[in-house]
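Engineer: please find the sequence and the predicted model below.
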Amino acid sequence: MGGVQQVADRLAARLGRPVLVEDAAWRVVAYSEQDGPLDEVRRASILRRRIAPEIRDRLRALGVPAARGPVRTPGEPAAGLLPRVCVPARSGDSLLGYLWFIDADPPMGEAEIAVAAAAAGQIALALFHESLAAGLSARREREAVTLLLDGSAAAADLLLDAGSFPRSAPVVAYAVLPVGEAPADALEQGLLLARRRLGGRLPLHLPRSGAGVLLAAGTGVRAADLLPFFDVPVAVGAGAPRGVLAQARESHGEALHAAEIASRMPGKGPAAEWPDLGIYRWLSRLPAAPPDAHPGLARLLDDDPGLAHTLETYLDLAGNAQDAAARLGLHRSTLYHRLRRIERLTGADLANGEDRLSLHIGLKLAHLGGR
């Protein structure tokens, strides 16, 4: 019978028109040579290996997942979508995937649709076998990576022996943290897309409810390189490289801290590298606590967040009034007026180095605490 790709190629050759196969999660798993009409939606699906969320929602609204046999779906020129014929690939009551044909130039005849429907059973069987094999492999990998991040040297040996990670490569961990609400599968889709696109540079991943994990072989991937693979807002943190896979746990802990900093600190997100974070590497490891580094800071944050921003900008620029005024878009005399108000409100002396240090650290801790 052959795999999904072989069945798809034979079917396309018999019908003389291209076919695209998706699994039940709308991920592209095979497609024939696209030598017929090609619209923007198909082009994007092939490039991204999945359909766009808005197209998926449209097809769900049309009842495609519930179809028991071939269905025609209308085109939508404004969305770059030509009419299609969808043939569900089912095994009994289980939906395993979809066969998609562009229904134009010329439209599909009933005889062609019957041929496609007959082939859908072969596609369903091939999808079942491939998903079963991949599912078992993915489950073993997921268990091994989970143990690896818990510090198991045996898990590292298992992954190395299986060829899942190069023996001689250093490891860098990345943590991907959703920012706000996100669909349950959005994070894993982005992890899988990053892994496919970056090939051997990202040989391992682990979907987790709090923050997804990617493990890179070598140092060629930056945290910011991963952002385009996610359709939802995320913060990405990278840990420092470690010499061997068994040390991935240490890099992963740093990556989590870096992702949290990227999600909370103005000017640091949405991607952060642990080695580049300076004092934030220390601040992020402190226990969560109110901003009490200076007795007047809580009052400033509660009464006038705008003044707190002015103070932070001034301190970030080492007390350079000219640079601070320029960054804030203020006249220098206005900045000095605000700084005097800050001194009155906090009881601090901004000419005193210890007061400035306490306020500066307190402001950063407040950001890390979600203020």
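Structural biologist: That came through fine. This one's a predicted model, so the numbers in the text were calculated from it and none came from an experiment.
Engineer: hey, let's count contacts and neighbours off CA atoms from now on
Structural biologist: Will do.
Engineer: please enumerate the strands of the stretch 151-300 of the chain.
Structural biologist: Here the stretch 151-300 of the chain has its strands, by DSSP state E, counting those that start in this stretch, at 171-178, 204-206, 212-217, 234-238, 271-273.
Engineer: what comes up buried for stretch 90-105?
Structural biologist: 90, 91, 95, 96, 97, 98, 99, 100, 101, 102, 103 (16 or more other CA atoms under 10 Å).
Engineer: just the C-alpha atoms of that stretch, please, in CSV.
Structural biologist: Provided in CSV are the C-alpha atoms of stretch 90-105 (Å, rounded to 0.1, in the frame of the first residue of the first chain):
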residue,chain,number,x,y,z
ARG,A,90,-12.1,7.8,8.2
SER,A,91,-11.7,4.4,9.8
GLY,A,92,-15.2,3.5,11.0
ASP,A,93,-16.3,6.4,13.2
SER,A,94,-12.7,7.7,13.7
LEU,A,95,-11.7,10.8,11.6
LEU,A,96,-8.0,10.4,10.7
GLY,A,97,-7.6,13.2,8.1
TYR,A,98,-8.8,15.0,5.0
LEU,A,99,-8.0,14.8,1.3
TRP,A,100,-8.3,18.2,-0.3
PHE,A,101,-8.7,19.0,-4.0
ILE,A,102,-9.1,22.5,-5.6
ASP,A,103,-12.4,22.4,-7.4
ALA,A,104,-11.6,24.7,-10.3
ASP,A,105,-10.2,24.7,-13.9
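Engineer: residues making contact with it?
Structural biologist: Residues outside stretch 90-105 that contact it (CA atoms under 8 Å, 6 or more residues apart in numbering): 17-26, 37-38, 65, 82-89, 120-121, 124-125, 127-128.
Engineer: and it, how far out from the chain's middle?
Structural biologist: Stretch 90-105 sits 28 Å away from the centroid of its parent chain (CA atoms, centre = their mean, to the nearest Å).
Engineer: what does the average pLDDT come to for it?
Structural biologist: Summarised as a single mean, pLDDT over stretch 90-105 is 87.
Engineer: again with stretch 127-146
Structural biologist: Mean predicted confidence for stretch 127-146 is 79.
Engineer: with stretch 284-301 instead?
Structural biologist: 71.
Engineer: could I get the CA-only coordinates of the helix or strand where residue 54 lies as CSV?
Structural biologist: According to DSSP states H and E, residue 54 maps onto helix 53-61. Output in CSV follows, covering the C-alpha atoms of helix 53-61 (Å, rounded to 0.1, in the frame of the first residue of the first chain):
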residue,chain,number,x,y,z
PRO,A,53,-6.6,29.4,12.2
GLU,A,54,-9.2,31.5,10.5
ILE,A,55,-9.5,29.0,7.6
ARG,A,56,-9.8,26.2,10.1
ASP,A,57,-12.6,28.0,11.9
ARG,A,58,-14.4,28.6,8.6
LEU,A,59,-14.2,24.9,7.7
ARG,A,60,-15.5,23.9,11.1
ALA,A,61,-18.4,26.3,10.7
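Engineer: now the helices for the stretch 251-371 of the chain?
Structural biologist: Along the stretch 251-371 of the chain, counting by DSSP state H, counting those that start in this stretch, helices occupy 280-283, 297-303, 305-316, 321-328, 332-346, 353-368.
Engineer: residue 170: which of these is closest?
Structural biologist: helix 280-283 (21.4 Å; CA to CA).
Engineer: nearest to residue 221, of the buried residues of stretch 90-105?
Structural biologist: Using CA to CA, the buried residues of stretch 90-105 come closest to residue 221 at residue 97, 33.2 Å.
Engineer: in a strand, that's where the closest one is, yeah?
Structural biologist: Yes. Under DSSP: H, G, I helix; E, B strand; the rest coil, residue 97 falls within a strand.
Engineer: skip the chain neighbours and tell me the closest residue to it.
Structural biologist: Using CA to CA, 6 or more residues apart in numbering and skipping residues adjacent in sequence, the residue nearest residue 97 is residue 23, 3.9 Å away.
Engineer: which residues touch that neighbour?
Structural biologist: Listed by CA under 8 Å, 6+ apart, the contact set of residue 23 reads 29, 96, 97, 98, 127.
Engineer: secondary structure element for the first one, which one?
Structural biologist: Assigned by DSSP H and E, residue 29 belongs to strand 28-31.
Engineer: list of residues touching that strand?
Structural biologist: Strand 28-31 has contacts (CA under 8 Å, 6+ apart) with 4-5, 8-9, 18-23, 45-46, 49-51.
Engineer: inside strands: which ones of the residues you listed?
Structural biologist: Assignment to strands by DSSP state E places the following of the contacts of strand 28-31 there: 20, 21, 22, 23.
Engineer: what about residue 117, distance to residue 12?
Structural biologist: Noted for residue 117: a distance of 13 Å to residue 12, by CA to CA, to the nearest Å.
Engineer: no no, residue 147
Structural biologist: Look at residue 147 and residue 12: by CA to CA, they are 44 Å apart.
Engineer: please apply the same query to residue 262.
Structural biologist: 47 Å.
Engineer: and if you look at residue 282?
Structural biologist: Applying CA to CA, the value for residue 282 to residue 12 is 59 Å.
Engineer: neighbour count: these two, which is higher?
Structural biologist: Between residue 282 and residue 12, counting by other CA atoms under 10 Å, residue 12 is the more crowded of the two (20 against 9).
Engineer: confirm the more buried one sits in a strand?
Structural biologist: No. Counting by three-state DSSP, residue 12 is not part of a strand but helix.
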